[in-house]
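Enquirer: sequence unavailable; structure follows:
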Ligand SMILES: *Cc1c(COP(=O)(O)O)cnc(C)c1O
């Protein structure tokens, strides 16, 4: 069945007792067992290790990603943590995209490195750089593509091959595109990971995570870790996410259509030095994105030709693009990665990853596109007026 049909029906069966068309919020910690002999006969014992509402969400996400099964987590970061802990131990080595989510970088460098895990941050856009970083003890390769915030694209199939040869698992963070925009399993990934906070839920009202695997054994391993660490998702959050997920492809199409128009608009602005969007021919990952993605997504970054004060003027004059972290919700957001999402990175690492102080990131929402373009235009116009008045002052 088609993606749009599965996004509505997968994982959800009418309640056999009441006929309720949707899976209810099973807000229960424990489950009555018929007898000692029939322990677990209904599949659930205690909500940290399994809950019917959470299960419905796991089944739906697995169906849409094409994974064997899924484990849901309380946050995207706990999904990253459990995945790293499941496949890495003291003495092991991992390769991570050099341009990755700030929290993934922080978890690796500030926490897991203290437990004897060695990390190399490699340019995953260059498969040769990944192959060169492989060591005898490399157990995991973590690719984020397109990568936050420069939208750098990495070749999932090529890196999966390198991982297989090295005996390592290949983990792909698919948060930026969701299963509506990219299917890493079809390209050879072993594990696919999501911050469901973003497009999967899509309504900026739940923080959550999910990890999927291509084999039953890998999912069992991840579920075991989620339960041991106590990082599993909650029934209420899962219910909200199930609700959001039912309209993923409809929202996504509008996100993408708006983003294409915004990227095109930005590329024509004099005060914009560079636009990072995989859908633009000028983007160095355009060809790869066209090949491996179903969609170019709705995340755009751009370098504005302005100093810190002027960036403040630009941002202060936007009404629809709200200054906030996060992404993938129906409302448009703007962020300043150097001081917000990627503040945990050192200045040198930021520079190496292309995160300049003049970089702004947009999460393009599903508002009317004309209003979004007018909003950006108002920001640029305010910037032009500000410049004119400071020129007048400096001449005086
Ligand atoms: C947001 C995000 C995460 C972390 O997820 P949380 O739900 O915020 O904990 C991980 N990876 C990417 C690419 C993200 O955008």
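Expert: Nice, thanks for sending it over. Small disclaimer: the values here were computed from a predicted structure and weren't measured.
Enquirer: quick one: residues in contact with the one helix or strand in the chain whose mean pLDDT sits lowest.
Expert: Lowest by mean pLDDT, DSSP states H and E among the helices and strands of the chain is helix 347-352, with a mean of 83. With contacts defined as Cβ atoms under 8 Å, 6 or more residues apart in numbering, helix 347-352 is touched by 98, 105, 121, 338, 342, 356. All C-beta spots, glycine's among them, are computed from the backbone N, C-alpha and C.
Enquirer: quick check, central residue of the protein?
Expert: residue 175 (2.1 Å; Cα atoms, centre = their mean).
Enquirer: near the ligand, which residues of the stretch 51-200 of the chain?
Expert: Within the stretch 51-200 of the chain, the positions lying close to the ligand (Cβ under 6 Å from any ligand atom) are 75-77, 101, 103-104, 144, 148, 173, 175-176, 195, 197-198.
Enquirer: is any residue of the following helix or strand past the least confident helix or strand of the chain near the ligand?
Expert: Note on helix 347-352: by DSSP states H and E, the next helix or strand toward the C-terminus is strand 359-363. No: if you take Cβ under 6 Å from any ligand atom as the test, strand 359-363 misses the ligand, and the best it gets is 9.7 Å.
Enquirer: and the next helix or strand after strand 359-363 with strand 359-363, angle?
Expert: The helix or strand immediately downstream of strand 359-363 is helix 369-395, counting by DSSP H and E. With axes from the mean of the first three to the mean of the last three Cα atoms, to 10 degrees applied, the angle from helix 369-395 to strand 359-363 works out at 160 degrees.
Enquirer: helices and strands around helix 369-395, which ones?
Expert: helix 248-267, helix 308-316 (3 or more Cβ pairs under 8 Å, 6 or more residues apart in numbering; DSSP states H and E).
Enquirer: switch the cut-off to 10 Å
Expert: Under the contact definition 3 or more Cβ pairs under 10 Å, 6 or more residues apart in numbering; DSSP states H and E, helix 369-395 sits against helix 248-267, strand 299-304, helix 308-316, strand 333-335, strand 359-363.
Enquirer: what kind of secondary structure is the residue of the stretch 251-396 of the chain found nearest the ligand in?
Expert: The nearest approach of the stretch 251-396 of the chain to the ligand comes at residue 327, 6.2 Å away (Cβ to the nearest ligand atom). Per DSSP: H, G, I helix; E, B strand; the rest coil, the secondary structure class of residue 327 is coil.
Enquirer: residue contacts, the closest residue to it other than its chain neighbours?
Expert: Computed as Cβ to Cβ, 6 or more residues apart in numbering, the closest residue to residue 327 that is not its neighbour in sequence is residue 363, at 3.6 Å. The contact partners of residue 363, by Cβ atoms under 10 Å, 6 or more residues apart in numbering, come to 176, 198-199, 204, 255, 259, 297-300, 321-322, 324-329, 331-335.
Enquirer: circling back: which of the helices and strands packed on helix 369-395 sits most buried?
Expert: strand 359-363 (a mean of 25; mean count of other Cβ atoms under 10 Å).
Enquirer: chain center to that one, what's the gap?
Expert: 15 Å (Cα atoms, centre = their mean, to the nearest Å).
Enquirer: just checking: what are the partner strands of it?
Expert: Note on strand 359-363: by DSSP bridges, its sheet partners are strand 299-304 (antiparallel), strand 333-335 (antiparallel).
Enquirer: export the ones you listed to TSV and append columns for distance to the ligand and mean pLDDT.
Expert: Converted to TSV, the strands paired with strand 359-363 look like this (distance: least, Cβ to the nearest ligand atom, whole Å; pLDDT from 0 to 100):
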stretch	distance to the ligand	mean pLDDT
strand 299-304	9	97
strand 333-335	11	97
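Enquirer: ok, residue 208 - contacts?
Expert: 54, 57, 72-76, 78-79, 194-198, 200-201, 233-234, 237-238, 240-241.
Enquirer: can you give me the strands for this structure?
Expert: Shown for the chain, the strands assigned by DSSP state E span residues 69-73, 93-97, 118-122, 138-144, 169-173, 191-195, 209-213, 272-276, 299-304, 322-323, 333-335, 359-363.
Enquirer: can I get these in JSON lines with distance to residue 221?
Expert: Formatted as JSON lines, these follow (distance: least, Cβ to Cβ, whole Å):
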{"stretch": "strand 69-73", "distance to residue 221": "9"}
{"stretch": "strand 93-97", "distance to residue 221": "16"}
{"stretch": "strand 118-122", "distance to residue 221": "21"}
{"stretch": "strand 138-144", "distance to residue 221": "13"}
{"stretch": "strand 169-173", "distance to residue 221": "10"}
{"stretch": "strand 191-195", "distance to residue 221": "10"}
{"stretch": "strand 209-213", "distance to residue 221": "8"}
{"stretch": "strand 272-276", "distance to residue 221": "36"}
{"stretch": "strand 299-304", "distance to residue 221": "31"}
{"stretch": "strand 322-323", "distance to residue 221": "40"}
{"stretch": "strand 333-335", "distance to residue 221": "34"}
{"stretch": "strand 359-363", "distance to residue 221": "33"}
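Enquirer: between these, which one is nearest to residue 154?
Expert: Closest to residue 154 of the strands of the chain is strand 138-144 (Cβ to Cβ; 5.0 Å).
Enquirer: tell me the angle that closest one makes with strand 118-122.
Expert: Using the same axes, to 10 degrees: strand 138-144 against strand 118-122 is 40 degrees.
Enquirer: now strand 138-144: how far from the chain's centre is it?
Expert: On Cα atoms, centre = their mean, the centre of strand 138-144 falls 16 Å from that of its chain.
Enquirer: just checking, what packs against that strand?
Expert: helix 76-87, strand 93-97, strand 118-122, helix 127-133, helix 156-166, strand 169-173, strand 191-195.
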